[in-house]
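Participant: okay, predicted coordinates and the sequence, questions at the end:
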Amino acid sequence: MPTVHVDLGERSYEVLVETGLLARAGETIARAGLKGRAAIVSDETVAKYHAEALQASLQAVGFNPTLHLVPAGEASKSMSRAEEVCSSLAAAGHDRRSFVVALGGGVVGDLAGFVASVFYRGIPFVQVPTTIVAQVDSSVGGKTGVNLAEGKNLLGAFHQPKLVIVDPSVLATLPAREYHEGFAEVIKHAAIRDAAMLAEIAKLDPATRDVPADLIARNIAIKARIVEADEHETKGIRALLNFGHTIGHGIEAAVPYGEMLHGEAIGLGLRAALLLSEKHSGLSPSASKSILDLLAHFHLPLVLDPAITTGRVLHKLGRDKKFEAGKVRFVLLRDAGDAFVSDAVTTSDMEAAIEHLRMPR
Ligand SMILES: NC(=O)c1ccc[n+]([C@@H]2O[C@H](COP(=O)([O-])OP(=O)(O)OC[C@H]3O[C@@H](n4cnc5c(N)ncnc54)[C@H](O)[C@@H]3O)[C@@H](O)[C@H]2O)c1
Ligand SMILES: O=C(O)C(=O)C[C@@H](O)[C@H](O)[C@H](O)COP(=O)(O)O
Ligand SMILES: [Zn+2]
């Protein structure tokens, strides 16, 4: 089975990618050495489709699971929901011998991972991602957390999962909009490190849910190698995974959480970052266009809603964790597959790039 090993010393783990793996999650988790009771955290939509299979497989190997649900959507990535989930775990008798299983998209993964990082000062957790965003990106790397009204992911902890179980067949129940948004992150990974993969992604039919397990694994491996090199984002390497996220996070936080999906905001952020790369780092217009074409291939919106003002986006992105002493470290491309962190991008450059998003491409 395609497997990505994430080598982080004593925090190392495997990402397993195989169709049908959800039904074998229990035995897979037992084989990875987890012990105690399982607390499944999911959202109401995902649970409807996939909780039963997970519960049965955990039950079959004696993990005696409990189920803890939050409403679907970005608004659940909040401190108050995290507290509710912690209380629900405590009320169900979980303690430091238990482990959390996050069943869902990036919202559930980030929230449940955060809960696992603080419950009884930290318990193990397993990621069972059910969206493209979560399968290729959020389930790997250990960034967990919740949002504040002031900005995205402003509260959180690094807490690596013990295992990631990717079953591409769960994507069959994902609505089209939620499926397509995930390709912003897939394309982001290829754009920063693997230009050849862009051509492979372009061959996928956006009307189907057919993404080869091998392509998912290779896309995950791009992230895994970067996380291994800079787990806690202190060396300017992991920041590359934020390509498209400075302006993207500003846009996502400029509207009520959940109105725009993460991948949709990042698609717009990528368009802005491509423009800034043409201006500041010599990205050729043809390389830029081919990445934009790929975003459009997956029906990602590339024009900013006129109701979202540039001032509001700039205000929200001012909270970005990549700002230090008023200067932003902005991720640019020199070429497809060749990203770097620049300190040459000014607020007025970003303002112009946001304005550019109002024009048809
Ligand atoms: N930690 C990280 O490294 C990282 C990386 C990327 C994104 N993120 C975060 O992830 C979040 C976005 O994740 P997302 O895009 O997966 O959103 P999401 O978790 O809200 O899922 C999108 C929607 O799809 C539904 N859904 C999920 N799986 C389903 C399935 N298999 N069938 C039917 N419906 C399903 C959910 O109920 C939800 O309504 C954002 O908060 C973003 O900041 C984190
Ligand atoms: O794992 C990372 O590192 C990323 O930057 C992945 C991003 O896709 C993701 O959206 C992440 O949550 C952004 O993190 P933040 O530190 O910019 O909030
Ligand atoms: Zn992201």
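Facilitator: Looks like it arrived, so ask away. Ligands and ions are numbered 1, 2, ... in the order given.

Participant: for ligand 1, what are the nearby residues on the protein?
Facilitator: Within the chain, the positions near ligand 1 by CB under 6 Å from any ligand atom are 43, 45-46, 49, 72-74, 77, 104-108, 110, 130-131, 133-134, 137-138, 141, 143, 152-153, 170, 173-174, 178, 181, 185, 261-263. Where you see a C-beta, it was placed from the backbone N, CA and C, and this is true even at glycine.

Participant: show the buried residues in the residues you listed.
Facilitator: Neighbour-count burial within the residues of the chain next to ligand 1 applies to 43, 45-46, 72-74, 77, 104-108, 110, 130-131, 133-134, 137-138, 141, 143, 152-153, 170, 174, 178, 181, 185, 261-263; the criterion is 16 or more other CB atoms under 10 Å.

Participant: my read is that His50 contacts Val101, right?
Facilitator: No - using CB atoms under 8 Å, His50 and Val101 do not qualify as a contacting pair, with a distance of 11.4 Å.

Participant: that's a strand at Val108, yeah?
Facilitator: No - checked against DSSP: H, G, I helix; E, B strand; the rest coil, Val108 lies outside a strand; its state is helix.

Participant: tell me where the chain has strands.
Facilitator: Under the criterion DSSP state E, strands of the chain are mapped to 3-6, 13-17, 38-43, 66-70, 99-104, 125-129, 143-148, 151-158, 163-166, 323-324, 327-328, 330-335, 338-342.

Participant: between the ones you listed, which gets nearest to Tyr257?
Facilitator: strand 143-148 (6.1 Å; CB to CB).

Participant: only alpha carbons, please: show the closest one as PDB.
Facilitator: Written as PDB, here are the backbone C-alpha positions of strand 143-148 (Å, rounded to 0.1, in the frame of the first residue of the first chain):
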ATOM      1  CA  LYS A 143      -0.400  21.800  13.100                       C
ATOM      2  CA  THR A 144      -3.500  21.800  15.300                       C
ATOM      3  CA  GLY A 145      -5.700  24.700  16.400                       C
ATOM      4  CA  VAL A 146      -8.700  26.900  16.300                       C
ATOM      5  CA  ASN A 147      -9.600  30.300  14.900                       C
ATOM      6  CA  LEU A 148     -10.100  33.700  16.700                       C
END
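
Participant: how far does that strand sit from its chain's centre?
Facilitator: 11 Å (CA atoms, centre = their mean, to the nearest Å).

Participant: can you check stretch 93-110 too?
Facilitator: 16 Å.

Participant: please apply the same query to stretch 240-248.
Facilitator: Stretch 240-248 sits 12 Å away from the centroid of its parent chain (CA atoms, centre = their mean).
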